[in-house]
Structure formats: C-alpha cells, structure tokens
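Colleague: No sequence on hand, only this structure:
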Ligand code: F6R
C-alpha cells in the first residue's frame, strides 16, 4: 500500500496503442478477464485500437466479461451520451466476436437503488478496473467527497459532470443523477489502470498523485491500490515531477 503506482508516460501518438497492447497481453494470458470499462473521450482511441486488434485476430474478448463502470440516470434509451450506448458503439458491438458477457447498469427500471445493488454484486470480482480521470478528480462518478469504502450506488452528480453530459457528450437532456461502481470495488479489483490524456488534465493529475490522499480528489484514493498503473500521455504528465 502506498505511493508506488507504476507511471507510464507516452507520447500522445503512441499512448492508445500502448494501452491497448497491454490489455491485449492481459487477455492473452487470461482470456476470461473481468474488466470494468469507462466511457468518455479518453478511452475512445484505446477502444478503436482494441477493435482493430480483434479484427486482425490478435485478441478476442469472447471469454471476457465487460462490466460498465458507471451510467447517467435520466437519459432516454438510445441517447448518444449514455454510457451503454457509447460502450456498445465504440467497442462491444464492433468486436468480431462478442464478449462472454456485457454487464450494463439498469438505469431504465423503476428502482435505481436496487439496480446499483445488483451492479455492486457484478463488480465484486473485478480482475481489472480501467478508469478515466474527471476534471474535478472524480473516477467513475465517485465525485468529490467520495470515500474508499463507498459501495456501488446512486449518486448526486457534480454540476460540472451534469454539464459535461450535454456540452461534451451530446446528451439530449441533463441527467438527473448517476450510478457508479464505488471505490470499495475499484480498490478491491486485482489491478487498476488510470487513463489520462491531454494538458487540460495535467493539473488535476498532479494533484491526485502528489497532494495528500483524500476525498476532495477521489482519484487520489487509488494510490492505496496495491497494483495501480497510471497511463498518461506527455501532455497530462507535464506537471508531474520528472523521473
Ligand atoms: C465515464 C467516467 C468518467 C470519465 C471522466 C473523464 O464513464 O467514468 O469518470 O472517465 O469524466 O472523462 P473524459 O475521458 O471524457 O475526459
């Protein structure tokens, strides 16, 4: 336990293919991997590289289980910003052979708390948690204030996250809430990867990795994970101490 995360810093042009290659290697060692996956802009190029690898026969997800990391609540089925829609469009539905399972979060049912409880059970045995970093330090929708023992749950979204749904991801309306795998499950995954790209994330990445761990920047709790790898491109890593 401690600040011994592996930091992999790559030129922007190589970043996605390097992250994808590492996942291809994991899957070739352990084809039945259980992975939770984020949406957003950061992982898109990685998913494109994985689709290319699968189409070339360099990897298959057909024994893997893909678990959604989080989901907006209050967006209609088919909304382009929905995490299930994006994950299917960018990865799941583009694979030549489907994954063994794709576990989505039921945001359309009458009881989001019950849906969160069911997803907490699905997230109980993750081999690999792949995560993005929010501009306010969130991971999944574990917004500032989140604690390391938080379960998968219905959460109130930070204003910046609600706005991002429309402004950055093209949601047709502002989401009312979110459901996210909680930090307890993310810290309990066998391995965790934090994916971070672009200079606009440089300041928050530095604060998450270098300032004291705490609830103001939930991603900082990941430093307590025994097997954390941070994959940053040179822009995102530009404010980290050298070496
Ligand atoms: C989305 C998610 C979020 C994003 C984060 C970064 O499923 O879990 O935590 O990873 O907001 O988003 P981008 O990659 O769009 O900068």
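Modeller: Great, that's in hand. All values derive from a computational prediction rather than experimental measurement. Numbers count the residues shown, from 1 in each chain.

Colleague: mind listing the strands for the protein?
Modeller: Secondary structure of the chain (DSSP state E): strands at 6-10, 34-37, 65-68, 70-73, 101-103, 128-132, 153-155, 177-180, 191-196, 228-233.

Colleague: Direction included, what does the second one pair against?
Modeller: Here the strand partners of strand 34-37, with direction, are listed using DSSP bridges: strand 65-68 (parallel), strand 128-132 (parallel).

Colleague: Show residues contacting the last one.
Modeller: Meaning strand 128-132. 23, 26, 33-38, 40, 42-43, 69, 139-140, 181, 185-186, 189-196, 219, 222 (Cβ atoms under 8 Å, 6 or more residues apart in numbering). To be clear about C-beta, it is placed using only N, CA and C from the backbone, and glycine gets the same treatment.

Colleague: can you list the residues of this structure near the ligand?
Modeller: 38-42, 69-70, 83, 132-134, 138-140 (Cβ under 6 Å from any ligand atom).

Colleague: Need the residues you listed in a markdown table (columns: neighbour count).
Modeller: Output for these, formatted as a markdown table (neighbours: other Cβ atoms under 10 Å):
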| residue | neighbour count |
| --- | --- |
| 38 | 24 |
| 39 | 25 |
| 40 | 18 |
| 41 | 12 |
| 42 | 25 |
| 69 | 31 |
| 70 | 26 |
| 83 | 25 |
| 132 | 23 |
| 133 | 26 |
| 134 | 25 |
| 138 | 27 |
| 139 | 28 |
| 140 | 30 |
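
Colleague: So which of the residues you listed sit within helices?
Modeller: If you go by DSSP state H, the residues of the chain next to the ligand have residue 83 in helices.

Colleague: Okay, the residue of the chain found nearest the ligand and residue 76: tell me how far apart.
Modeller: Closest contact between the chain and the ligand, by Cβ to the nearest ligand atom, is at residue 132 (2.3 Å). Here the distance between residue 132 and residue 76 works out to 24 Å (Cβ to Cβ, to the nearest Å).
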